[in-house]
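Peer 1: Any chance you could fold what I've pasted below:
(chains A, B, C and D)
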4 protein chains.
Amino acid sequence: MNILLTNDDGVLSPGINKLADILKGSYNVVVIAPDRERSAVGHAITMHKPLRIKKIKDEESLKIFHANGTPSDCVKLGIDVVMEDKPDIIVSGINDGFNLGTDILYSGTVSAAMEGSINGFSSIAISLEAGSDITDKALLFIKKLIKSVAKNGLPKNALLNVNIPNISDNYSGVKITKLGYRNYIENFTRRIDPHGREYYWLAGKVLENINEEDSDIVAVKSGFISITPIQFDLTMYSLIDTLKSWDIQI
Amino acid sequence: MNILLTNDDGVLSPGINKLADILKGSYNVVVIAPDRERSAVGHAITMHKPLRIKKIKDEESLKIFHANGTPSDCVKLGIDVVMEDKPDIIVSGINDGFNLGTDILYSGTVSAAMEGSINGFSSIAISLEAGSDITDKALLFIKKLIKSVAKNGLPKNALLNVNIPNISDNYSGVKITKLGYRNYIENFTRRIDPHGREYYWLAGKVLENINEEDSDIVAVKSGFISITPIQFDLTMYSLIDTLKSWDIQI
Amino acid sequence: MNILLTNDDGVLSPGINKLADILKGSYNVVVIAPDRERSAVGHAITMHKPLRIKKIKDEESLKIFHANGTPSDCVKLGIDVVMEDKPDIIVSGINDGFNLGTDILYSGTVSAAMEGSINGFSSIAISLEAGSDITDKALLFIKKLIKSVAKNGLPKNALLNVNIPNISDNYSGVKITKLGYRNYIENFTRRIDPHGREYYWLAGKVLENINEEDSDIVAVKSGFISITPIQFDLTMYSLIDTLKSWDIQI
Amino acid sequence: MNILLTNDDGVLSPGINKLADILKGSYNVVVIAPDRERSAVGHAITMHKPLRIKKIKDEESLKIFHANGTPSDCVKLGIDVVMEDKPDIIVSGINDGFNLGTDILYSGTVSAAMEGSINGFSSIAISLEAGSDITDKALLFIKKLIKSVAKNGLPKNALLNVNIPNISDNYSGVKITKLGYRNYIENFTRRIDPHGREYYWLAGKVLENINEEDSDIVAVKSGFISITPIQFDLTMYSLIDTLKSWDIQI
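Peer 2: Predicted structure coming up:
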């Protein structure tokens, strides 16, 4: 069974390498990940510059490549250029930091898994609470989840978004959730650089008390591993009939 | 009434400037757009570098700024830093080239409008067939649509994705659509650079014959202006119960 | 007579456009400049990415192009790709801010002129005190200097580095100078970003009291326009014999 | 004795790591190098973006850092931020590929050493023929050279530019040289990308037959290790009097 691994923290980050290490015994693992950190790139792809690929490890059941592209580029390159056989499962992660609620739209980690799903492959995005150790328990869960996906399959157009809190402290179990809503206030910090020029850092404070019990955001706060099923058809079907009644013909 | 305009082709592109010109008579228009082309950046945001803003026009009802960020950064900066009063409507475009079907996930134009919607504002993404002139008819339609959105409002979490074909030739009317599916084959072209190093261009061929009559992709091919209502909750609710039955607790 | 203009402030900056405007009456002027600011890039060239050129003005005696490369790239592209006839003179500037002493090593403006000289063309780098207006007097001087270079020629491997102080106040004349020495202390300002990560700004304070009367640094301080003849052979001939006596054969 | 090592091939390249390994026995070695390849950046410095430093090794006599800046940034950061004691010698390299003649103006490797020299430290740039193995003989030579520099010192404002050919084949000895002249023809290759857009690669052919016997270019071709003493005062003193006779006063 072939697994394609990617991430947005870059090929050298501990998350993807620990994952590769525990999977290479049971699967043929191909890692293809960005050559440097590519966080918050969303679903960016590289159309106007050349992409370059470099192989940096070539073992029996673990091959590692890096590319000068985004996580979504890496998934495309993995499927179309690097892998001899198509992947059975695509895993993006383990990201250092949650990818929850509406914030997944900014996430390179989730977008890479979504790219896998768009191309027809069962895909999983995995994120860990920022600064947590990657515990044996977390790795055990991930292995179990991958086995389940391999066994049960995923519907066409579906992927899984997994967030693992720091479960060394208080672990409540695995919970299936919906996406919550991440609202920020005071988005920017204004500063003056040493040359006297004004600039802004994006650095909002999260307002999260608006979220419901069954959201991913509340789940991880309560010590649950959260699994949210995701799809990428953004059509708001419920609005179609309303719009048909608008007077907008010309 | 205040309108915030942005795009991903950059502040100098004809699309956004024509739009600003026809709107500034009827609305207070603030343009804040990337200082250069930022296509295919998806929903990227800039967290780890300073953002800088520069005002380049300051008329009574038209102010133009550029920033060194992505389209989504520009929307955030527009709302939080640049505009004195909040926008009533956010318009992203006019993009030079369609944003259709699953490809909207890669689109800076659509992501900017989505950013507007996430922040609670009525938002519209507008794209024109690549290489078409921006005709008076297209501008007339856009003005009419903006008036309709102002009058009718949009539900929370909804935005509109508009694609305008080259309607100088054969124009069939305005159609409300769902997102189609863009499938690509032969994604990469492999080349050797003059220094002897291998590289890849992303450049797939579209397979589109798989799309249904009521999709945006088929609509624009048939000469319709397509309006697709979009939402940004990616949860696949239909899969939640299935996942609950999986054996994945640890 | 053909003049190639470039700069490192980008094709939209006032300096290069004013220069183009006053020269286009007397010369065939081709502007090719970076599509955005490229200060402090030194003598960088772009070997591993594609360069793209775009024509944005096409008048009888003034053609303007921009490229996605460095100032040195622009000079190469101007000579080899853009211009039908070779340039008689290459001018880089007018830069917004001095390029003095050892700091010219970091300067995109001076490096572009040096690139012109390496390729065998008479080249001039022109910089103006930061924030000064581009006065008629300054423009008059530049026209006179270009005429002199055209008439007298420059020796092979020589270029001119010109710095113009704010001569509206107290103007002392034109002075031929040598390069001074720019020494900085407290090079970096340490800061913490809003995400809690440490970073550094390069922002040293200049120590200049070490410079001699005939240096460019002292000249502009005293109200002189400074012209320094520059060459690009960095060999320190005086050290060759000393090194020959070292015991370093293996 | 403290040695600061940097390069422009990035902190992971074999050249700098081999060098660190053979030096750490005899010196306190601090490596600070770019986090990725930064070739052909010339003497670029980073003024308008934050610089970040990360420590990735912390042994008794070998500390390794990377930064998101250019080679010249790294030297400045090494001296001012990272090292507790000032360096006695700064070494830039071992670069994968020669840095010869006028091409050193484009070289991040040589510019980093020049930055060291500008700041008052004895500095050496070391480059190896592209694709050569880093032989024991080459490393032996480098150790010997560093010992000589430590013993003899270098004059203020001087640095050494060292180029080592593939000396496994035919080794002729060490030669003190002057900089040659690198002339290129057919600088650009014109191509069309898969989206139909034109672009250019910088990829000229070298014309070298114009160089003299005592140049670095001829030396390495003849199997010599070349050492060229370099200085960074670019004033062309011989032209000062000529310019004084020009009629350019206003």
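
Peer 1: what's around A:K221, how many residues?
Peer 2: A:K221 has 15 neighbours, counted by other C-beta atoms under 10 Å in any protein chain shown. C-beta coordinates here come from the backbone N, C-alpha and C atoms, glycine included.

Peer 1: make that A:L140, sorry
Peer 2: Per other C-beta under 10 Å, the neighbour tally for A:L140 reads 12.

Peer 1: ok but it is inside a helix, no?
Peer 2: Yes. Checked against DSSP: H, G, I helix; E, B strand; the rest coil, A:L140 lies within a helix.

Peer 1: Show the contacting residues for it.
Peer 2: B:I250 (C-beta atoms under 8 Å, 6 or more residues apart in numbering or on different chains).

Peer 1: Next: A:P50.
Peer 2: By C-beta under 8 Å, 6+ apart, the contact set of A:P50 is B:191, B:193, B:199-201, C:49-50.

Peer 1: what do you get if the cut-off is 10 Å, keeping everything else the same?
Peer 2: A:68-69, B:189, B:191, B:193, B:197-202, C:48-50, D:193, D:199, D:201 (C-beta atoms under 10 Å, 6 or more residues apart in numbering or on different chains).

Peer 1: quick one: the helices in chain A?
Peer 2: Ranges of helices in chain A, per DSSP state H, are A:14-23, A:71-77, A:108-118, A:136-152, A:216-221, A:240-244.

Peer 1: how about those helices, which one is nearest C:S245?
Peer 2: helix A:14-23 (52.0 Å; C-beta to C-beta).

Peer 1: chain center to that closest one: distance?
Peer 2: 15 Å (C-alpha atoms, centre = their mean, to the nearest Å).

Peer 1: again, but for stretch A:46-65
Peer 2: That offset, for stretch A:46-65, works out to 19 Å (C-alpha atoms, centre = their mean).

Peer 1: helices and strands of chain A: which one has the lowest mean pLDDT?
Peer 2: Here the helix or strand of chain A ranked lowest by mean pLDDT, DSSP states H and E is strand A:205-207, holding a mean of 80.

Peer 1: Give the partner strands of it in its sheet and their orientations.
Peer 2: Strand A:205-207 has the following sheet partners, assigned by DSSP bridges: strand A:183-185 (antiparallel).

Peer 1: Give me the subset of the contacts of A:P50 lying in strands.
Peer 2: B:189, B:191, B:198-202, D:199, D:201 (DSSP state E).

Peer 1: And the furthest pair within these?
Peer 2: Spatially, the most separated pair among these is B:L202 and D:W201, at 17.9 Å (C-beta to C-beta).

Peer 1: show me the contacts for the residue of chain A found nearest chain D.
Peer 2: At 5.8 Å from chain D, A:R36 is the closest residue in chain A, using C-beta to the nearest C-beta. A:R36 sits next to A:9-13, A:66, A:68, D:10, D:35-36, D:68 when contact means C-beta under 10 Å, 6+ apart.

Peer 1: Pull out the buried residues from the ones in strands among the contacts of A:P50.
Peer 2: Burial by neighbour count, judged by 16 or more other C-beta atoms under 10 Å in any protein chain shown, picks out B:199-202, D:199, D:201 from those.

Peer 1: still on that earlier bit, distance-wise, check the residue of chain A closest to chain D relative to chain C.
Peer 2: A:R36 is 15 Å from chain C, where distance means C-beta to the nearest C-beta, to the nearest Å.

Peer 1: where does that residue sit relative to A:R197, distance-wise?
Peer 2: Using C-beta to C-beta, to the nearest Å, A:R36 is found at 26 Å from A:R197.

Peer 1: try A:D103
Peer 2: Taking C-beta to C-beta, one finds A:D103 at 30 Å from A:R197.

Peer 1: ok, back up a step: quick one: closest of the helices of chain A to B:D96.
Peer 2: It is, among those and with distance given as C-beta to C-beta, helix A:71-77, at 22.0 Å.

Peer 1: Pull out the buried residues from stretch A:123-139.
Peer 2: Buried residues in stretch A:123-139, defined by neighbour count with 16+ other C-beta under 10 Å: A:123-129, A:132, A:134, A:138-139.

Peer 1: leaving aside the residues next to it on the chain, what's closest to A:L207?
Peer 2: Nearest non-adjacent residue to A:L207, counting by C-beta to C-beta, 6 or more residues apart in numbering or on different chains: A:N183, 4.4 Å away.

Peer 1: And the pLDDT for the one you found?
Peer 2: pLDDT, A:N183: 81.

Peer 1: mind listing what it touches?
Peer 2: A:101-102, A:204-211, B:118-120.

Peer 1: if we can go back for a sec, residues in contact with the least confident helix or strand of chain A?
Peer 2: Here strand A:205-207 makes contact (C-beta under 10 Å, 6+ apart) with A:100-101, A:103, A:181-187, A:217, C:194.

Peer 1: What residues sit buried inside that strand?
Peer 2: Within strand A:205-207, judged by 16+ other C-beta under 10 Å, no residue is buried.

Peer 1: same thing with stretch A:8-26?
Peer 2: Here stretch A:8-26 shows A:8-13, A:15-20, A:22-24 as buried, counting by 16+ other C-beta under 10 Å.

Peer 1: picking up where we left off before, can you pick the most crowded of the contacts of A:N183?
Peer 2: Most surrounded of the contacts of A:N183: other C-beta under 10 Å gives A:G101, at 26 neighbours.

Peer 1: Please tell me how far it sits from A:A40.
Peer 2: 15 Å.

Peer 1: again with A:P155
Peer 2: In terms of C-beta to C-beta, A:P155 sits 29 Å off from A:A40.

Peer 1: When those two are compared, which one has more neighbours?
Peer 2: Just comparing A:P155 and A:A40: by other C-beta under 10 Å the higher neighbour count belongs to A:A40, 20 against 14.

Peer 1: residues in contact with the closest residue to A:I225 other than its chain neighbours?
Peer 2: Leaving aside its sequence neighbours, A:I225 sits nearest to A:V174 (C-beta to C-beta, 6+ apart; 4.6 Å). A:V174 sits next to A:141, A:144-145, A:162, A:164, A:219, A:224-227, B:243-244, B:246, B:248-250 when contact means C-beta under 10 Å, 6+ apart.

Peer 1: and which of those is nearest to chain C?
Peer 2: A:I164 (21.1 Å).

Peer 1: Quickly list what that closest one is bridged to.
Peer 2: A:L128.

Peer 1: What does the pLDDT read for it?
Peer 2: At A:I164, the model reports a pLDDT of 97.

Peer 1: And the one 5 residues further on, by the same measure?
Peer 2: pLDDT for A:D169: 70.

Peer 1: surely it meets A:G223?
Peer 2: Yes. Counting by C-beta atoms under 10 Å, A:G223 is a contact partner of A:D169 at 7.4 Å.

Peer 1: Comparing these two, which shows the higher neighbour count?
Peer 2: A:G223 (15 against 8).

Peer 1: Verify the contact between A:I94 and A:D133 for me.
Peer 2: No. Using C-beta under 10 Å, A:I94 makes no contact with A:D133, being 11.1 Å away.

Peer 1: Give me the common contacts of those two.
Peer 2: Residues touching both A:I94 and A:D133 by C-beta under 10 Å, 6+ apart: A:14, A:18.

Peer 1: if we can go back for a sec, A:D103 and A:R197 - which one has more neighbours?
Peer 2: A:D103 (22 against 11).

Peer 1: Return the residues in contact with the nearest residue to the more buried one once chain neighbours are set aside.
Peer 2: With sequence-adjacent residues excluded and distances taken as C-beta to C-beta, 6+ apart, A:D103 is closest to A:R182, at 4.7 Å. By C-beta under 10 Å, 6+ apart, the contact list for A:R182 reads A:98, A:100-106, A:204, A:206-208, A:210-211, A:217, B:118.
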